[in-house]
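>>> What shape does this take:
(one chain, ligands or ions: 2)
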Amino acid sequence: MSAPTSAGAAPERVQEPSRAADEAAHERTELPAGPAAPTARAATRLRPVPPGAARVTGGFWADRQRANRETAIPSGQERLESAGNLDNLRIAAGTATGEARGPIFMDSDVYKWLEAAAWEYGRQPSEELLEAQRAVTEIVAAAQQPDGYLDSVVQIEGKGRYRDLPWSHEHYCAGHLFQAAVAQVRCTGDRGLLEVAIRLGDHLVETFGEDRRHDVDGHPVAEMGLVELYRETGNRSYLELARYFVEARGHGLMDSYGKEPTYFSDRVPVREQTTVEGHAVRAVYLAAGAADVAVELEDAELLEALTRQFAHMLATKTYVTGGLGARWDWEAFGDPYELPADRAYAETCAAIGGVQWAWRMLLATGDPVYADAGERMLHNGFLAGVSLGGAEYFYVNPLQHRDGAHPDENRSPAHGRRGWFDCACCPPNIMRMLSSLDGYLATSDDDGVQLHLYASSEVTAAVGGGAARLSVETDYPWDGRVRVQVQESPEAEWTLSLRVPGWAEGATLTVDGEQQAVTAGAYATVRRVWSAGDVVELVLPMTVRLTEADERVDAVRGCVAIERGPVVYAVEQADQPDGVLVDDLRLDVSAPLETEHRPDLLAGVTVVRAGGRSPAHTAQPWPYRPATTAAAQPQPAEEAPVTAVPYFAWANRGIGPMRVWIPRADRA
Ligand code: FUB
Ligand code: ZN
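Ligands and ions are numbered 1, 2, ... in the order given. Coordinates of the predicted model:
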């Protein structure tokens, strides 16, 4: 694959490029891309577009990004101050005194926030955002030790470095620092954090590896970060270390710590693994990092192993919302088809890691199944993690919330959305996801431009020896019409590819006024010489779908979920008639399904109305009864119209009963 030419405007570099940038020049793309930017020689089918070259301009995601920029990122900085993350770094630097506060990985929240601020600056430069990043970067840099080591909590506690790597998160924090530094230099041109990252990266390279200390962090993410640092600097030793960390797992390294290896994704070597298991965030971060290593090292066997694992995750361990991780116990994936709705863990960070892995697999293979999976995760499992206002969060994302649920611990959704958590991994992770979202809209290859995620947007990509500039207008996901207009094009032929999601049976594409049917679960392609003003229109049918689960998902047998486009719906107490409790509702699957767009509701959503029934449940001394041997008869029940709202929007009107999977009225 040849190197892309520059396209789109990069923010002006504010400092001189240094040694590292020179080293990188030999193989890095001309203009660096957003998150996960493979080098020109990586074995990827598709290339991401540079920051600024794809930009959400309005609509659904613009609203989320605005809240992220105006509310979440500023309040996030305050939280880093009040929760003690920044003080930990100051204490480590010797500019403040006190004890370390918070979990051992407190620094990682600072780095995620810095990453979010950087991508956000890339979207829309502002002096305030730049100053905030510089101030926090200075605090980080001051805490770094002369040999490059950096971890404020370990430094403050003074018990020694790398004494308990399965739990200490020292590499985990480093990985987030690397990604933040790369985002900062790509979007602002500032090298402050990159210099810190290079010193820490060099320290890790000198300390760990095949001919050095054999050890690996209990929480992956350093792999992704190191590959990104390699991509930015051209220093191959970072890539080699990432490869080492990927390969080191599954060989008993962590056994010496007496811990259960499954939790750490350490039971089976990555290239032999067939599924995802253990702690969900760890598992998907590792897989995403392994995908980065696989494409940079052209390691087809490793990519094949990841393909297998992703397929098994989708087939047996993914919630309909795209949520990942069925168990509260160890925040882990469950066994195949173990997907309880009420006890779902589905940590917001796991959905983010899922999107990152899906994106890397999409770049590597060009297979739309990954774009479909990423879209499902983004619109549902991920987005449910943040309030419409932008600064209140869910850590855990169940698919059912019962009447009378008791908030028995900090992360419990029964508290309602919370402004921060003792373990605050999710909020700044959400911030960086939303501020980097533009980078997931489109890609290019030698043949043309591919649109994967639909939003009103502007996309510029290198094609046919020049730059193609497209504008996309749509009210997706509420409306299925996606209008793409060519604003500028080179004179050569190139192919425009539009993803037709797997659910979009009956989609059509109109080119030059001629409508044609297109295949769901594939890319609709048009190859021609394009001129400014050319328009194509994709129409995705936004029919309401009732979905049932494989019966091996025992927890939701006899239930249906409501979906429309990429959005999964939920019934929430606030929308039901007086006297009808969500816990009791049943859905009449033969009744008509209607939709109404409600600009006044939940910042503007399309609601679904369905027929339903509400059996009168009375308190029973014993909730079991003799099984009937006759054909099961539905319980007699009052008719009760059902109103469903997008799952992502639940709990924005207080916390109350909610369910995604609704029992069918025609079953006992
Ligand atoms: O260990 C760091 C983060 O804290 C994990 O990714 C989350 O699951 C939470 O346990
Ligand atoms: Zn989290």
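>>> dump the residue contacts of residue 69.
120, 123, 124, 435 (C-beta atoms under 8 Å, 6 or more residues apart in numbering). C-betas here are computed from N, CA, C, even on glycine.
>>> Okay, and which of those residues map to strands?
If you go by DSSP state E, the contacts of residue 69 have nothing in strands.
>>> Now which of these would you call buried?
120, 123, 435 (16 or more other C-beta atoms under 10 Å).
>>> Relative to residue 573, which of the residues you listed is nearest.
residue 435 (32.8 Å; C-beta to C-beta).
>>> can you list the residues of the stretch 1-150 of the chain near ligand 1?
Residues of the stretch 1-150 of the chain found near ligand 1 (C-beta under 6 Å from any ligand atom) are residue 105.
>>> before we move on, the earlier item: which of the contacts of residue 69 sit farthest apart?
The distance between the two most remote of these (C-beta to C-beta) is 9.8 Å, for 124 and 435.
>>> Closest to residue 73 out of the contacts of residue 69?
residue 120 (6.1 Å).
>>> For that closest one, list the residues it contacts.
Contacts of residue 120 by C-beta under 8 Å, 6+ apart are 68, 69, 73, 129, 435.
>>> Give me the pLDDT for it.
According to the prediction, residue 120 has pLDDT 96.
>>> Could you dump the buried ones among the contacts of residue 69 into TSV and include distance to residue 591?
Below are the buried ones among the contacts of residue 69 laid out as TSV (distance: C-beta to C-beta, whole Å):
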residue	distance to residue 591
120	45
123	44
435	42
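>>> quick one: the strands in the stretch 451-600 of the chain?
456-463, 466-474, 481-488, 493-500, 508-511, 514-517, 522-529, 535-539, 544-547, 559-564, 567-572, 586-587, 594-598 (DSSP state E, counting those that start in this stretch).
>>> Which ones among the contacts of residue 120 map onto strands?
Short answer: these have none in strands (DSSP E).
>>> could I get the residues you listed as CSV with pLDDT?
CSV is the format used below for the contacts of residue 120 (pLDDT from 0 to 100):
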residue, pLDDT
68, 98
69, 98
73, 98
129, 97
435, 97
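>>> For residue 476, state which of the residues you listed is nearest.
Closest approach to residue 476 among the contacts of residue 120 (C-beta to C-beta): residue 68, at 18.9 Å.
>>> Which positions in the stretch 251-400 of the chain make contact with ligand 1?
281, 331, 347, 349.
>>> Try it again at 8 Å.
279, 280, 281, 282, 285, 331, 347, 349, 350 (C-beta under 8 Å from any ligand atom).
>>> Would you check how far apart the first one and residue 79 are?
If you measure residue 279 against residue 79 using C-beta to C-beta, to the nearest Å, the figure is 24 Å.
>>> just the fifth one next, same as before
According to C-beta to C-beta, residue 285 and residue 79 sit 23 Å apart.
>>> Pick out the residue closest to the middle of the chain.
Ranked by distance to the mean C-alpha position of the chain (C-alpha atoms, centre = their mean), the top residue is residue 352 at 2.4 Å.
>>> State the pLDDT value of it.
98.
>>> Quick one: residues contacting it.
382, 429, 430, 433.
>>> at 10 Å instead, please
112, 281, 284-285, 288, 324, 377-378, 381-382, 385, 425-426, 429-430, 432-433 (C-beta atoms under 10 Å, 6 or more residues apart in numbering).
>>> Take those and keep only those in strands.
Those of the contacts of residue 352 lying in strands (DSSP E): none at all.
>>> Mind checking which of those residues land in helices?
Judged by DSSP state H, the subset of these located in helices is 112, 281, 284, 285, 288, 426, 429, 430, 432, 433.
>>> could you dump these to a markdown table with neighbour count, distance to residue 163 and pLDDT?
Converted to a markdown table, the ones in helices among the contacts of residue 352 look like this (neighbours: other C-beta atoms under 10 Å; distance: C-beta to C-beta, whole Å; pLDDT from 0 to 100):
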| residue | neighbour count | distance to residue 163 | pLDDT |
| --- | --- | --- | --- |
| 112 | 28 | 25 | 98 |
| 281 | 26 | 23 | 98 |
| 284 | 29 | 27 | 98 |
| 285 | 28 | 23 | 98 |
| 288 | 26 | 27 | 98 |
| 426 | 29 | 27 | 98 |
| 429 | 28 | 27 | 98 |
| 430 | 28 | 32 | 98 |
| 432 | 27 | 29 | 98 |
| 433 | 28 | 32 | 98 |
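>>> Closest to ligand 2 out of those residues?
Taking C-beta to the ion as the measure, ligand 2 sits nearest to residue 426 out of the ones in helices among the contacts of residue 352, at 3.5 Å.
>>> Nearest residue to the closest one in space, ignoring adjacent ones along the chain?
Nearest residue to residue 426, sequence neighbours excluded (C-beta to C-beta, 6 or more residues apart in numbering): residue 348, at 4.1 Å.
>>> now swap in residue 336 and tell me
Nearest non-adjacent residue to residue 336 (C-beta to C-beta, 6+ apart): residue 316, at 3.7 Å.
>>> Likewise for residue 302?
Residue 302 sits nearest to residue 294 (C-beta to C-beta, 6+ apart), 4.0 Å away.
>>> so what's that neighbour up against?
42-44, 227, 243, 246, 270-271, 300-307, 360-361, 364.
>>> Which helix or strand contains it?
helix 280-296 (DSSP states H and E).
>>> Report whether that helix contacts ligand 2.
No - between helix 280-296 and ligand 2, judged by C-beta under 5 Å from the ion, nothing touches; the nearest distance is 6.4 Å.
>>> on contacts alone, who are the packing partners of the very next helix or strand once past that helix?
Counting by DSSP H and E, the element after helix 280-296 in chain order, helix or strand, is helix 300-316. Helix 300-316 sits against helix 236-248, helix 280-296, helix 348-365, helix 368-376, with contacts defined as 3 or more C-beta pairs under 10 Å, 6 or more residues apart in numbering; DSSP states H and E.
>>> and the angle for the second one with helix 348-365?
This means helix 280-296. Following axes from the mean of the first three to the mean of the last three C-alpha atoms, to 10 degrees, one obtains 20 degrees for the angle between helix 280-296 and helix 348-365.
>>> ok now helix 280-296, how far from the chain's centre?
13 Å (C-alpha atoms, centre = their mean, to the nearest Å).
>>> Repeat that for the last one.
Offset of helix 368-376 from its chain centre (C-alpha atoms, centre = their mean): 11 Å.
>>> Listing partners with orientation, what would you give for the helix or strand following it?
Counting by DSSP H and E, the element after helix 368-376 in chain order, helix or strand, is strand 400-401. Note on strand 400-401: by DSSP bridges, its sheet partners are strand 658-659 (antiparallel).
>>> What are the contacting residues of the strand it pairs with?
Contacts of strand 658-659 (C-beta under 10 Å, 6+ apart): 341-342, 398-402, 405, 413, 556, 559, 561, 570-574, 582-583, 585, 644-645, 647, 650-651.
>>> which residues sit in contact with the nearest residue to residue 337 once chain neighbours are set aside?
By the measure of C-beta to C-beta, 6+ apart, the closest residue to residue 337 outside its immediate chain neighbours is residue 552, 3.9 Å from it. Taking C-beta under 10 Å, 6+ apart, we find residue 552 in contact with 316, 336, 337, 338, 339.
>>> with these in mind, which one is nearest to ligand 2?
residue 339 (19.3 Å).
>>> Hmm, residue 605 is touching residue 567, no?
Yes - assessed by C-beta atoms under 10 Å, residue 605 is found in contact with residue 567 at 8.6 Å.
>>> list residues touching both of these two?
In contact with both residue 605 and residue 567: 60, 477, 478, 645, 646, 648, 649, using C-beta under 10 Å, 6+ apart.
>>> Please tabulate the residues you listed in a markdown table, including the columns pLDDT and neighbour count.
As requested, the shared contacts of residue 605 and residue 567 are exported to a markdown table (pLDDT from 0 to 100; neighbours: other C-beta atoms under 10 Å):
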| residue | pLDDT | neighbour count |
| --- | --- | --- |
| 60 | 98 | 22 |
| 477 | 98 | 22 |
| 478 | 98 | 19 |
| 645 | 98 | 25 |
| 646 | 99 | 25 |
| 648 | 99 | 25 |
| 649 | 98 | 22 |
